[in-house]
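S.K.: Provided below for reference: sequence and predicted model.
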Amino acid sequence: MKSVITCDMEGVIETINPDGEKLFGYSREELVGKKRVSLFSAGEIVIQNVGMWLSQANKKGQYSTKTYFINKNGKKFNAQIKITPTFANGKNNPQTGYCGITVPIEEEVNIPIKFSTIFIKWAFAITRGGFTSASLFPIFAVAAFLAGSGDNLFNPLSLILCSLGIVFLHVASNLFNDYYDVKDGTDGANTDYFNAGLNSTMLEGAQLSGGSRAVELGLITHTGTLSLARKMLVVTILVTSILFINSFYATGELSNAIYALIVGFLGGLLGYFYTARPLRLVARRGLVN
């Protein structure tokens with residue numbers, strides 16, 4: 001049995017032969033133009049290995065390796081895969097995708113997962129922690145201004161606590177968003193999400209739209225996403241409580257802490273109801289249809 005699958009540069013499946021349908025358990029109608037080849041691999045392997053495989057295929061003209069895949073029923077099988085870049089418009093024109101030829105093997109394949117992969121999985125892939133920089137930048141900008149103003153307006157411990165609270169609240173919002181997007185079928189129906197792929201040295205492999213895809217990749221379960229979101233929210237409340245106390249001891253009054261609490265509370269509500277019902281802000285049409 002020899003599976004032959006072609007995909008575009010973002011991994012969207014373009015063709016699959018009958019052996020591929022039998023091997024992976026999906027019909028052509030379920031896959032072509034709808035799913036990506038990452039569907040067949042464990043999430044950790046997608047993070048750790050797939051980018052390197054594609055890069056080597058681009059450099060050498062092809063790349064062969066042994067790995068394991070997961071079929072539609074969730075069953076793991078060992079295989080030999082050969083990846084080659086494709087040029088639908090001729091080799092003198094830009095690359096258009098990849099072709100993967102997969103042959104099942106009896107040999108047991110074990111792929112060690114590095115600590116760095118586990119870190120990336122939790123810190124970036126599942127929680128989308130990299131996007132917390134958008135929330136942290138205003139905090140650091142205001143802190144720099146206060147530190148330069150003098151008059152004891154800057155408190156290092158308050159900055160640390162505020163930054164931690166913002167990070168955990170932002171991560172909790174991301175996780176709640178992913179949970180409700182999967183629950184409502186949004187992520188499953190979205191086949192047009194964008195991954196930087198190999199096009200950017202700085203953002204190589206980064207997921208830039210369409211949610212984290214962590215549940216789809218099997219990095220975390222749907223219920224696990226909700227559980228982690230709640231834990232992050234609890235940590236946010238604990239950090240905020242400590243910030244509240246520290247602010248009182250540093251300033252002798254509660255006004256600053258109360259204002260910060262109001263801003264954080266409103267931000268948390270907006271983050272949660274971005275995808276959660278009944279508001280589901282992401283689904284609002286806005287001022288223009």
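M.R.: Great, that's in hand. Numbering: from 1, shown residues only.
S.K.: when you work out contacts or count neighbours from here on, use the C-alpha atoms and nothing else.
M.R.: Fine.
S.K.: tell me the buried residues in the lengthiest strand in the chain?
M.R.: Counting residues, the longest strand in the chain under DSSP state E turns out to be strand 76-86. Under the neighbour-count criterion of 16 or more other Cα atoms under 10 Å, strand 76-86 has 77-86 buried.
S.K.: switch these over to a markdown table; also include distance to residue 271 and pLDDT.
M.R.: Compiled in a markdown table, the buried residues of strand 76-86 are given as follows (distance: Cα to Cα, whole Å; pLDDT from 0 to 100):
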| residue | distance to residue 271 | pLDDT |
| --- | --- | --- |
| 77 | 40 | 98 |
| 78 | 42 | 98 |
| 79 | 42 | 98 |
| 80 | 44 | 98 |
| 81 | 42 | 98 |
| 82 | 43 | 98 |
| 83 | 41 | 98 |
| 84 | 42 | 98 |
| 85 | 41 | 97 |
| 86 | 42 | 97 |
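S.K.: now the angle from the following helix or strand past the longest strand of the chain to strand 76-86?
M.R.: Remark: after strand 76-86, the chain's next helix or strand is strand 97-104, criterion DSSP states H and E. Computed by axes from the mean of the first three to the mean of the last three Cα atoms, to 10 degrees, the angle separating strand 97-104 from strand 76-86 equals 150 degrees.
S.K.: check which helices and strands strand 97-104 sits against.
M.R.: strand 3-8, strand 76-86 (3 or more Cα pairs under 8 Å, 6 or more residues apart in numbering; DSSP states H and E).
S.K.: show me what the longest strand of the chain is packed up against.
M.R.: Counting contacts by 3+ Cα pairs under 8 Å, 6+ apart, strand 76-86 is packed against helix 51-60, strand 63-70, strand 97-104.
S.K.: secondary structure element for the spatially closest residue to residue 239 that is not a sequence neighbour?
M.R.: Leaving aside its sequence neighbours, residue 239 sits nearest to residue 165 (Cα to Cα, 6 or more residues apart in numbering; 5.7 Å). Taking DSSP H and E as the criterion, residue 165 maps to helix 156-183.
S.K.: list the buried ones in that helix?
M.R.: 158-159, 161-182.
S.K.: list the contacts of residue 12.
M.R.: 32-37 (Cα atoms under 8 Å, 6 or more residues apart in numbering).
S.K.: can you list those in CSV and add pLDDT, neighbour count and distance to residue 65?
M.R.: Output for the contacts of residue 12, formatted as CSV (pLDDT from 0 to 100; neighbours: other Cα atoms under 10 Å; distance: Cα to Cα, whole Å):
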residue, pLDDT, neighbour count, distance to residue 65
32, 97, 17, 24
33, 93, 17, 26
34, 90, 16, 26
35, 91, 20, 23
36, 92, 17, 20
37, 95, 18, 16
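S.K.: of those, which belong to helices?
M.R.: Among the contacts of residue 12, no member falls in helices (DSSP state H).
S.K.: and residue 132, how many neighbours?
M.R.: By other Cα atoms under 10 Å, 18 other residues sit near residue 132.
S.K.: can you give me the angle the helix or strand containing residue 239 makes with helix 156-183?
M.R.: Taking DSSP H and E as the criterion, residue 239 maps to helix 222-251. Put simply, helix 222-251 runs at 160 degrees to helix 156-183, going by the same axes, to 10 degrees.
S.K.: for the helix or strand just after helix 222-251, the averaged confidence score.
M.R.: Sequence order places helix 255-272 as the next helix or strand after helix 222-251, per DSSP H and E. Mean pLDDT, helix 255-272: 89.
S.K.: what angle separates helix 255-272 from helix 156-183?
M.R.: Angle of helix 255-272 versus helix 156-183, following the same axes, to 10 degrees, is 20 degrees.
S.K.: list the buried residues for helix 255-272?
M.R.: Going by neighbour count (16+ other Cα under 10 Å), the buried part of helix 255-272 is 257, 261, 264, 268, 270-272.
S.K.: for stretch 145-156, same thing?
M.R.: When neighbours are counted by 16+ other Cα under 10 Å, the buried residues of stretch 145-156 are found to be residue 154.
S.K.: what's the helix or strand for residue 107?
M.R.: Residue 107 belongs to no helix or strand, assigned by DSSP H and E.
S.K.: could you find the closest non-adjacent residue to it?
M.R.: residue 78 (6.8 Å).
S.K.: give me the beta-bridge partners of that neighbour?
M.R.: For residue 78, the beta-bridge partners are residue 68 (DSSP bridges).
S.K.: next, find the distance separating it from residue 50.
M.R.: Noted for residue 78: a distance of 16 Å to residue 50, by Cα to Cα, to the nearest Å.
S.K.: same question for residue 137.
M.R.: 32 Å.
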